[in-house]
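A.B. asks: just a sequence and a predicted model for now, questions to come.
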Amino acid sequence: MLHTNNPIIKHKVGLLNFAEELGNVSRACKVMGVSRDTFYRYQELVNDGYRCINRKEPPYTKYKESR
C-alpha cells in the first residue's frame, strides 16, 4: 500500500491502492473513471520509483518549430 501527502499524485496512488484492495484492475479503473492503459502507466512509474509521476506536462512535445 502506497501513501502520499502530495495532492497531485493522491488520485493516482488511490487508484493503485484501490485496485490492489479489490484484486481487480478492470473494476477499479471503471469505478475511478480511468482507462486500464492509464493504470498501467501509473504502475510502471511507481515501479520506476516515482521519477515522473507528478509531472503535469506530457513526456514529449509533438512538434518543435525550428526558427
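C.D. replies: Ah, there it is. Numbering: from 1, shown residues only.
A.B. asks: pLDDT at residue 58, what is it?
C.D. replies: Looking at residue 58, its pLDDT stands at 53.
A.B. asks: what do you get for residue 61?
C.D. replies: 54.
A.B. asks: ditto for residue 1
C.D. replies: Residue 1 carries a pLDDT value of 67.
A.B. asks: where does the prediction get shaky in the chain?
C.D. replies: The model of the chain has pLDDT under 70 over residues 1-2, 49-67.
A.B. asks: now do the helices in it.
C.D. replies: Secondary structure of the chain by DSSP state H: the helices cover 10-22, 25-32, 36-47.
A.B. asks: name the residues that touch stretch 27-43?
C.D. replies: 11, 12, 14, 15, 16, 18, 19, 22, 25, 26, 53 (Cβ atoms under 8 Å, 6 or more residues apart in numbering). Yep, even glycine has a C-beta here, placed from its N, CA and C like the rest.
A.B. asks: can you pick the most crowded of the residues you listed?
C.D. replies: Highest neighbour count within the contacts of stretch 27-43, by other Cβ atoms under 10 Å: residue 12, with 24 neighbours.
A.B. asks: distance to residue 42 added to the contacts of stretch 27-43, as TSV?
C.D. replies: Formatted as TSV, the contacts of stretch 27-43 follow (distance: Cβ to Cβ, whole Å):
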residue	distance to residue 42
11	10
12	5
14	10
15	7
16	6
18	12
19	10
22	15
25	11
26	15
53	7
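A.B. asks: look up how far residue 12 lies from residue 44.
C.D. replies: Per Cβ to Cβ, to the nearest Å, residue 44 is found 12 Å from residue 12.
A.B. asks: again, but for residue 29
C.D. replies: In this view, residue 29 and residue 12 are 12 Å apart by Cβ to Cβ.
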